[in-house]
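Q: kindly generate the corresponding structure for this input.
(3 chains)
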Amino acid sequence: MNQKPDHFPEGENFYASLRTRYRVAAIWQTLFFSALLIAIVALTALLYNVMDGAFGYVAFDYKKDPAAFTSIPMNELTKEDLLVILKENLSPGAYNKLDNERKMETRAEGELYTLFLERLVQIDTKATWSMTDSLFRSAEIRAEAAEKYPGAQLEFRSWLTPQFLTTPMSSKAEFAGVRTAVLGSLWLVGIAILFAMPVGVGAAIYLHEYAPKNWLTSIIQTNITNLAGVPSIVYGMLGLAVFVRGMEALTSGAAFGVTDSNGRTVLSAGLTMGILVLPLIIINAQEAVRAVPDSLRQAAYGVGATRLQTVWHHVLPNALPGILTGSILAVSRALGETAPLIVVGASTFISLDPASPFSKFTALPIQIYQWTTRPQSEFHAIAASAIIVLLALLLTLNAAAILLRNRFQRKW
Amino acid sequence: MLFIMKRSFDLSKKPRPGESLIEALLFAAGVLSVFVTVAIVFELGKEAMLFFADPDMTWVKFFTMTKWQPGIGQYGIWALVSATMTTSVIAILIALPLGLASAVYLSEYASHRARSILKPVLEILAGIPTVVYGYFALLFVTPILKNIFKDGIQVYNMLSAGLVMGIMILPLIASMSEDALNAVPRSLREGAYAMGATKLETSLQIVLPAALSGIGAAVIVGISRAVGETMIVAVAAGAGPNFSFNPLDAAETMTGHIARISGGDLSYNTIDYTSLFAIALMLFLVTLTLNLVSQWIVNRFRERYE
Amino acid sequence: MEINYAIETNDLSIHYGNFTAVKDVSIKIERQKITAIIGPSGCGKSTLLRAFNRMNDFVPNSRVTGEVLLHGNNLYGRNVDPVEARRRIGMVFQKPNPFPKSIYENIAWGARINGFKGSMDELVEESLRGAALWDEVKDNLKESAYALSGGQQQRLCIARTIAIQPEIILMDEPASALDPISTLRIEELMQELKKNYSIIIVTHNMQQAARASDFTAMMMIDDNRSGGVIEFGETRTLFTRPTDKRTEDYVTGRFG
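A: Residues are numbered from 1 along each chain as shown, chains lettered A, B, ... in the order given. So this is what the prediction gives:
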């Protein structure tokens, strides 16, 4: 063969071109890494943005002067003082309603103080500032508040407080809490998992242990993969048509003697959510069941076990950690889903704890959505606080899943 | 201890009613998922048919009008589709380059240690509820855009929603693309290195083209996710159909429209009600098609190397 | 006459973590000859071969001690660029691994990244002729390389290697995945190629080594499972009058 080495760069020429190639390579590698850097920055910005919104200065005013109700300075009011003030100044109807809900005397001092602020002096938030601004521009904020809102008080506030977790919904951001929403979410997720887990695990076991290799099985399998990709709002529409409307008699509880409800109940929403997470649970459970080695099944068959005994005594116990991990992940998905709940009709304003499957309900992500879309900044602050609660719940669930996986991880 | 069986034994099949019952139940569980699909098609189809059968609704209006308000005889679906397309395109324009670059870095460059730090970041991003992304879009990204475009941009705008949707889809595209890159056999990389290729030349010119179909599948699933995403657009893109492809405008996507209308007081048997099902059916069919195409690509791609 | 060696190794050892896979190899490989490396599986043949163009760099925790000399320069020296080294020392792998590109592009790619300036069409034709593939593919150069048979794919891989005009071609059991006819064609091709290139071939097939090679290195593992060259010399001598008892057992099939 006729070699033509002169067509390839040699010696110094080769090194020069190699240096260029390395330079280009370094630039691209930096670009590749920047993509991940952008992802990290985005995640940091998102978390920071949420924290930033949940804490900060608040300028507020009282619609009525506290001095009109009592001569005692507000921070020195005792429980007894508050009881007297409330009794004297609330209309008898309003007082009795509160008293009927729960005896006023049995309420904590903090709760009475909140009532005092909410019902009598009527706190009025003028403006809120982000945490960053509050920390680094406090002097300017003071000046701005003094100029724009004369007479208003300025206070550094954490919107996320223990009360925020335990108080029900309120139309005033300052007094709103996520109690109803958290309980609604728990009901919802509970119903969803009660429905989806047995069905999902059953389907996974059927597909892996029983199903013959035929067209039906492959349709089921393809179908499950595709259901996992259906937009969640479509599940919402399905729930609206089937559970809320089609099965109203059951889901409203009318068939069980409940009369004051329509189909837009926590049961309808829970079932909708159950259908939504079903493919996830099946896919995860299939993986867990698949991970159980065949040798174990053969051993069981070898000592004369039936198929059911093999599955029940050997496959299922060994697949259980994997199934549970998958189900926890499905729960965290259900916890964060919002769109289907809007469609099946989560109530946006509800202050009663859900008490039965036939209760009207709200949920944590619904509250976040509602509060985020309100124009007033104090609602954004409680939306941020609610997001922190939601993320904390999700973090706990995921940590539990990881722990479970590590604890029971087996090397076959 | 040894004992000898003297008894003759019977090997014929014995009925096990318990076993058969359980097997039937398990089968029912397996088939239920198919019923879900059937129910989606049937229930959505039933109401959607009512909408399409409305004498006032014609296909000409459906495809040529630019306003959507079925209650007063405006049936221009483009008013919603334009926003869905605009936000999805923005999202893919963000998610594809970033997701692909992340995937290349993770699969070709990252050390074991770097991977163990970077991968969870993407997993956390993927696990954040979309309503939280909505908050982020409206209260973080939009103010920044407002600073850049001043009065040129509306408070609710498709750009902000699209950008944040891109961040949301990034982990999906990254992880699917990474799978595709990892499926490229090592022998191809070695072949390239043995020719005196640098890592970059190997990654970009050999590995990436070899994984192209898998990456295509990832993009298609990404589009499907963007088209079906609701909360980000419901919060940040705008409330009210608006035929516009301008990212700086407020406009309502198909999903955002369903969320807003169904969230209000909606009475059954109205055209507003049935029209939502028509939109949902279209969403379902579009995303189903995209997902099927993506799976088909992935399966074909697998066969090639195995 | 001074023999100019293609590759010389001095006390070359290759380690994976704490494990020494290949230990203290010192051989001199002659130019424009075919040198075979033989030995039982797991004795480190491929590992040794991969040390000659720094392919072991990609194995995590791998480490090389000793020297591999190319024109008197240590391949593992501080200033040596592995990319440059691989461009000078081509490699053909056990399983054909053409790139998922057209036949033409498979050959053009390596030349292009290495800065080839001449006529690409000529280079492609020359390389394919050099690999005895031209006549079979000249009419469908734009077709995917995957459309070729296994034997053709392997010759394509040889063609793309000679397209970048290396000095040495390493072959890692190049015929093990091929049928006997394709194997024969590869062996014939090797005899052609050695006019221009030095060839080092790993093979588990002793007949192939005896048939096709000029020199043979016999490898065997020691008690620590580290591989080493126990005998090295002209193929004829090694197969007919081995000096080492273990070589004799192996080449006569009495091994193990």
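Q: the stretch 151-256 of chain C against chain B: which residues are in contact?
A: Counting by C-beta under 8 Å from any C-beta of the partner chain, the stretch 151-256 of chain C comes close to chain B at C:157, C:160, C:161, C:164. Quick note: C-beta positions are derived from backbone N, CA and C, even for glycine.
Q: so which of these reach chain A?
A: When contact is defined as C-beta under 8 Å from any C-beta, these meet chain A at residue C:164.
Q: contacts only, for the residue of the stretch 101-250 of chain B found nearest chain C.
A: Residue of the stretch 101-250 of chain B nearest chain C, by C-beta to the nearest C-beta: residue B:196 (2.9 Å). Residue B:196 is in contact with C:83, C:84, C:86, C:87, C:88, C:110, C:113, C:114, C:164, counting by C-beta atoms under 8 Å, 6 or more residues apart in numbering or on different chains.
Q: regarding chain C, what is its longest strand?
A: Among the segments of chain C that qualify as a strand by DSSP state E, the longest is strand C:5-16.
Q: what helices or strands is that strand leaning on?
A: Judged by 3 or more C-beta pairs under 8 Å, 6 or more residues apart in numbering or on different chains; DSSP states H and E, the packing partners of strand C:5-16 are strand C:19-25, strand C:28-30, helix C:45-51, strand C:62-70, strand C:198-202.
Q: so how far is the following helix or strand past the second one from its chain's centroid?
A: Along the chain past strand C:28-30, the next helix or strand (assigned with DSSP states H and E) turns out to be strand C:34-38. Taking C-alpha atoms, centre = their mean, to the nearest Å, the mean C-alpha location of strand C:34-38 is offset from the chain mean by 9 Å.
Q: just stretch B:270-283 next, same as before
A: Relative to the chain's own centre, stretch B:270-283 is displaced by 20 Å; criterion: C-alpha atoms, centre = their mean.
Q: stretch A:32-50 near chain B anywhere?
A: Yes. Using C-beta under 8 Å from any C-beta, stretch A:32-50 reaches chain B at A:32-36, A:38-40, A:42-43, A:45-46, A:49-50.
Q: grab the nearest non-local neighbour of the closest residue to chain B within the stretch 101-250 of chain C.
A: Nearest to chain B, among the residues of the stretch 101-250 of chain C, is residue C:110, at 3.7 Å (C-beta to the nearest C-beta). Excluding the flanking residues, the one nearest residue C:110 by C-beta to C-beta, 6 or more residues apart in numbering or on different chains is residue B:195, at 3.7 Å.
Q: kindly report the same for residue B:191.
A: Nearest non-adjacent residue to residue B:191, counting by C-beta to C-beta, 6+ apart: residue C:97, 4.3 Å away.
Q: and that neighbour, how far is that from residue C:136?
A: 19 Å (C-beta to C-beta, to the nearest Å).
Q: so these two - more neighbours on which side?
A: The residue with more neighbours, out of residue C:97 and residue C:136, is residue C:97; 21 against 16, by other C-beta atoms under 10 Å in any protein chain shown.
Q: how close does that one sit to residue B:195?
A: 11 Å.
Q: so who does the residue of the stretch 101-250 of chain A found nearest chain B touch?
A: Nearest to chain B in the stretch 101-250 of chain A, going by C-beta to the nearest C-beta, is residue A:231, at a distance of 2.5 Å. Contact partners of residue A:231, counting by C-beta under 8 Å, 6+ apart, are A:339, B:227, B:228, B:229, B:230, B:255, B:283, B:284, B:287.
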